[in-house]
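would you be able to build a 3D model of this:
(chains A and B)
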Amino acid sequence: MNDASIAILTRNLGKVYRIYKNPIDAIKESITGRSRHIKRVALDGVNLEVRRGEIVGVLGRNGAGKSTLLKLIAGTLERTSGDLDVRGRITAILELGTGFHPDYTGRENIYMGGMCLGMSKREVESKLESIIEFSELHEVIDQPFKTYSTGMRARLTFSVAISVDPDILIVDEALSVGDARFQQKCFSRMQQLRAKSTTVLLVSHDTNTITTLCDRAMILEDGHVYAEGDAKKISMAYHNLLFGQKKAKNAATTPSKNGIIRSGLSVQPVADGGTDSPGGTLVGAENFFDSETLDDGKMRYGSGEARLVDWGLLDEHGNHCGVVESGRACRLYMVLDCQQAVDDLSAGFAIKDRRGTVLWGITNLAQNRVAHKADADSRLVISADCIMWLSAGYYFVTLGAAHVEEGKKIDFIEDAIEFKVIGPDGIFTNSVVNLQTAFSIESKPATAGGATGP
Amino acid sequence: MVRKIANFVRMLWTRRELIAEMTRRQLRDEHMGQTIGALWAFGQPLFLMIMYTVLFGYVYPARFGHQASIVQDYSACIIAGIVPWLAFQNLLFRAPGILVQQANLVQQIVFPIEVLPIKTAVASALPYSVALVFAIGYSAWHHDLSWWALSIPWLIICQLAAMAGVAFLLSAGAVFIKDMKEFVQIFTSVNLFAQPILFNPFVPIRYLHTLFYFNPFSYLTWCWQDALFHPAAPHAVAWVVFPLCSFGILTLGCWVFESARTSFGDAL
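Below you'll find the predicted structure:
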């Protein structure tokens, strides 16, 4: 507790909302002492330690308790149990445009917003120019706030909030509405703040934001800390939680250890996060990641009604390969064992580059415009014959099967296949595609009349 | 409790700029986009004053001419009593909504919410400054003004303290009791007649007069009447009770507000 480098410290932090059917019940209860409320646990036993200059991301589904946690830390809600120690001046952007009046101009709102966030009038005045500059709203700053677009509102709100020079900055989703370039700007400003040892607590649904910006991240699930640790790993775990975890628990009752490991490809079936935890209890961060490190960080998720048992990349002779020559034929395939009938199956492949950009993708739905009906206890071999028109580089194949309806994943493996493309010669080494080019320079006699249009 | 209140006052002092700005805004906000804008805030009380003056100074005496000749003209007394009450009533109408209507400020940002009742109290009183000047002028014109008028600044301070205290109490209360607003509205319409404002001070009705002593607002009215309508017999008790009550209610208001603030977020 006496460590000066700690900005936020919580021990067993809990929040229980009391829900009264009728507001008068609260008064009756306080008089009679008889309980008249229903309890809803929003947070339970949250332990969190955030140091100065750290940027920590908070992920979680709707209703997982993210906002409650931030409000407790910000002090707009009172905790029910546990300890909370927050050191320093807090600025919280929990909702866009709070304290901003729609009828006032942007400039007037900067004054009001800044003062609401605890600055003196002179302080706002001295920062006015830099706030306007950061928001890039020079032209419209003297127009009413209500005429601004959502993105512009976000920009102004954020610009004001960040000008406060807080010790702790709490941002709840506010960034998601800004355009990509402004987000980038906010990110770099946050990095600057970090250098000044400002602590940032950031809530987002966007795992990309979390991975690019945060040092650490945590997942809240049902009011508990579900996992905590390195931002990148947490983002993957969150992905897993969103798309597979719940059903995967059901699948765990019929264990399927039928993964076939292919030589030459570093692919191993991954134990689904959460399957090793009995009946609904949540996994501790450490258990969770042990299985991850074993599996080269590959993510596998899905409901488990069908399971991929084999997959790979074949060259034109039908042999497994890890290297493909650009311009040659190749085949991607996977074998799916359906334990249950799936009426609306869509299965396919996607190729990504090292930065995670999807370069190509195909599913039976995209190709044939119909979902596949798979019978129970059937085996499907799904393959895609391609000409490798990618240029030299390293690529990754994500493959899997999903329900067409709502895109619910059945079995997905991120970056299941890794392969290298070589050639073609004679083009830029950083080319992405092979256009099978015939290149020429022709010399023609100059025409006397100069160039004329066709 | 003393510590709590001391902190509270210090917090308010550091936020004085914000309070000033928000007060200005509230007055402007209400009349935003209207043709003569914030002038309404000051013009409407003034109009009321002129109406009361005409009514009690000329219409009633003329109507009951034979009585007016016997008794003294007490229209300045009515004006003196009605200005502070209208200011207070203005606050009473707004007070229950202070936190409820600003739920997002209370919940969404780290915001010093104690500023809200204060600025509402000031913004409710301020428009009546013009009406007060009018009342002083009217009283002077009627030769009813005396040295007692020097106490006006002190009365303003006491009244603002009382209004702030009530604003704290009602705004906090309304978070938990949703029908606070309706209670207050009924109270205000009854209360106009439950204090010695519209009654002839020279012909007191005995049972009513006894009743007035039970209404804390009466003491406020008496003080203002003493200050503006040169008293034959000043209400000595009122000059003790009114300041005591004002600062008492302010202290209580601060304390209640401070104690309840942590549950505002939950209740809203």
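
first to last residue in stretch A:361-372, what's the distance?
With Cα to Cα, to the nearest Å applied, stretch A:361-372 spans 17 Å between its terminal residues.

show me what counts as buried in it.
A:363-365, A:371-372 (16 or more other Cβ atoms under 10 Å in any protein chain shown). C-beta coordinates here come from the backbone N, C-alpha and C atoms, glycine included.

next: stretch A:111-123.
A:111-119, A:123.

quote the end-to-end distance of that stretch.
10 Å.

now do stretch A:310-329
End-to-end for stretch A:310-329, by Cα to Cα: 20 Å.

just to revisit the earlier point, nearest to chain B, of the buried residues of stretch A:111-123?
Comparing those against chain B with Cβ to the nearest Cβ places A:M115 closest, at 4.6 Å.

tally up the residues packed near the closest residue to B:W40 other than its chain neighbours, please.
Nearest residue to B:W40, sequence neighbours excluded (Cβ to Cβ, 6 or more residues apart in numbering or on different chains): B:H31, at 4.8 Å. Neighbourhood size, B:H31 [other Cβ atoms under 10 Å in any protein chain shown]: 16.

residues contacting B:H31?
B:37-41 (Cβ atoms under 8 Å, 6 or more residues apart in numbering or on different chains).

repeat that for A:L48.
A:8-10, A:13, A:69, A:218, A:225.

assign it to one of the three secondary structure states.
At A:L48 the chain is in strand, as set by DSSP: H, G, I helix; E, B strand; the rest coil.

what pLDDT does it get?
Model confidence at A:L48, given as pLDDT, is 87.

re earlier: closest to chain A among the contacts of B:H31?
Looking across these and measuring by Cβ to the nearest Cβ, the closest to chain A is B:G37, at 11.5 Å.

near chain B, from the buried residues of stretch A:111-123?
Checked against chain B using Cβ under 8 Å from any Cβ of the partner chain, these give the following subset in range: A:111-112, A:115-118.

reformat these as TSV; add pLDDT, distance to B:E258 and secondary structure.
What follows is these, written out as TSV (pLDDT from 0 to 100; distance: Cβ to Cβ, whole Å; DSSP: H, G, I helix; E, B strand; the rest coil):
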residue	pLDDT	distance to B:E258	secondary structure
A:Y111	87	28	helix
A:M112	83	25	helix
A:M115	83	22	helix
A:C116	80	20	helix
A:L117	79	21	coil
A:G118	77	18	coil
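
low-confidence ranges, the stretch 1-150 of chain B, go.
For the stretch 1-150 of chain B, the stretches with pLDDT under 70 are B:32-33, B:61-72, B:108-110.

just the strands from it, written as ranges.
For the stretch 1-150 of chain B, no strands are identified by DSSP state E, counting those that start in this stretch.

likewise the stretch 201-350 of chain A?
A:216-221, A:224-230, A:300-301, A:306-314, A:323-325, A:329-338, A:342-352.

can you check which of those gets nearest to B:L208?
Proximity to B:L208 (Cβ to Cβ) singles out strand A:216-221 among those, at 63.5 Å.

got the angle between that closest one and strand A:224-230?
160 degrees (axes from the mean of the first three to the mean of the last three Cα atoms, to 10 degrees).

what mean pLDDT does strand A:216-221 get?
88.

wait, what's in contact with the residue in the stretch 201-350 of chain A that chain B sits nearest to?
Distances between the stretch 201-350 of chain A and chain B by Cβ to the nearest Cβ are smallest at A:L201, namely 12.6 Å. Going by Cβ under 8 Å, 6+ apart, A:L201 touches A:8, A:50, A:56, A:58, A:70, A:73, A:168-171.

adding secondary structure, write those out as JSON lines.
Shown next, in JSON lines, are the contacts of A:L201 (three-state DSSP):
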{"residue": "A:I8", "secondary structure": "strand"}
{"residue": "A:V50", "secondary structure": "strand"}
{"residue": "A:V56", "secondary structure": "strand"}
{"residue": "A:V58", "secondary structure": "strand"}
{"residue": "A:L70", "secondary structure": "helix"}
{"residue": "A:I73", "secondary structure": "helix"}
{"residue": "A:I168", "secondary structure": "strand"}
{"residue": "A:L169", "secondary structure": "strand"}
{"residue": "A:I170", "secondary structure": "strand"}
{"residue": "A:V171", "secondary structure": "strand"}
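
run a quick neighbour tally on whichever residue of the stretch 151-268 of chain B sits closest to chain A.
Scanning the stretch 151-268 of chain B for proximity to chain A using Cβ to the nearest Cβ identifies B:T262 as nearest, at 3.7 Å. Counted with other Cβ under 10 Å, the neighbours of B:T262 add up to 13.

now do the SS call for it.
B:T262 - assigned by three-state DSSP - is helix.

so what's it closest to, chain neighbours aside?
A:E78 (3.7 Å).

ok, that neighbour to A:T68 distance?
11 Å (Cβ to Cβ, to the nearest Å).

with neighbour numbers in mind, choose between those two.
A:T68 (21 against 15).

may I have the phi/psi pair for that one?
phi -60, psi -40 (degrees, to the nearest 10).

ok, it - contacts?
A:T68 neighbours (Cβ under 8 Å, 6+ apart): A:15, A:42-43, A:77, A:223.

what about the residue nearest to it when sequence neighbours are not counted, which SS state?
Nearest non-adjacent residue to A:T68, counting by Cβ to Cβ, 6+ apart: A:A42, 4.3 Å away. Assigned by three-state DSSP, the conformation of A:A42 is strand.

how about A:F187?
Applying three-state DSSP: A:F187 is helix.

tell me, how many residues neighbour the closest residue to it other than its chain neighbours?
Leaving aside its sequence neighbours, A:F187 sits nearest to A:L213 (Cβ to Cβ, 6+ apart; 5.4 Å). Neighbours of A:L213 under the rule other Cβ under 10 Å: 25.

among the contacts of A:L201, which has the minimum pLDDT value?
A:V171 (81).

any idea which element A:K71 lies in?
In this assignment (DSSP states H and E), A:K71 forms part of helix A:66-74.

center of chain B, which residue is that?
B:F88 (2.1 Å; Cα atoms, centre = their mean).

switch the contacts of A:L201 over to JSON lines; also include neighbour count.
What follows is the contacts of A:L201, written out as JSON lines (neighbours: other Cβ atoms under 10 Å in any protein chain shown):
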{"residue": "A:I8", "neighbour count": "22"}
{"residue": "A:V50", "neighbour count": "22"}
{"residue": "A:V56", "neighbour count": "24"}
{"residue": "A:V58", "neighbour count": "27"}
{"residue": "A:L70", "neighbour count": "21"}
{"residue": "A:I73", "neighbour count": "24"}
{"residue": "A:I168", "neighbour count": "22"}
{"residue": "A:L169", "neighbour count": "24"}
{"residue": "A:I170", "neighbour count": "26"}
{"residue": "A:V171", "neighbour count": "26"}
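
which outside residues touch stretch A:384-397?
With Cβ under 8 Å, 6+ apart, stretch A:384-397 has contacts from A:313, A:324-333, A:348-354, A:359-360, A:362, A:415-424, A:427, A:429, A:431-436.

with stretch B:180-190 instead?
B:89, B:92-93, B:95-97, B:170, B:173-174.

which two of these have the greatest separation?
Longest span within the contacts of stretch B:180-190, Cβ to Cβ: B:Q89 and B:G173, 17.6 Å.

about what we covered before: now, which of the ones next to chain B among the buried residues of stretch A:111-123 sits nearest B:P243?
Scanning those for proximity to B:P243, where the rule is Cβ to Cβ, the winner is A:M115, at 32.1 Å.

ok, that closest one touching A:K121?
Yes. The criterion here is Cβ atoms under 8 Å, and A:M115 meets it with A:K121 at 6.5 Å.

shared neighbours, the two?
Shared contacts of A:M115 and A:K121 (Cβ under 8 Å, 6+ apart): B:17, B:21.

residue ranges with poor pLDDT in the stretch 101-250 of chain A?
A:173-178, A:180, A:208, A:243-250.
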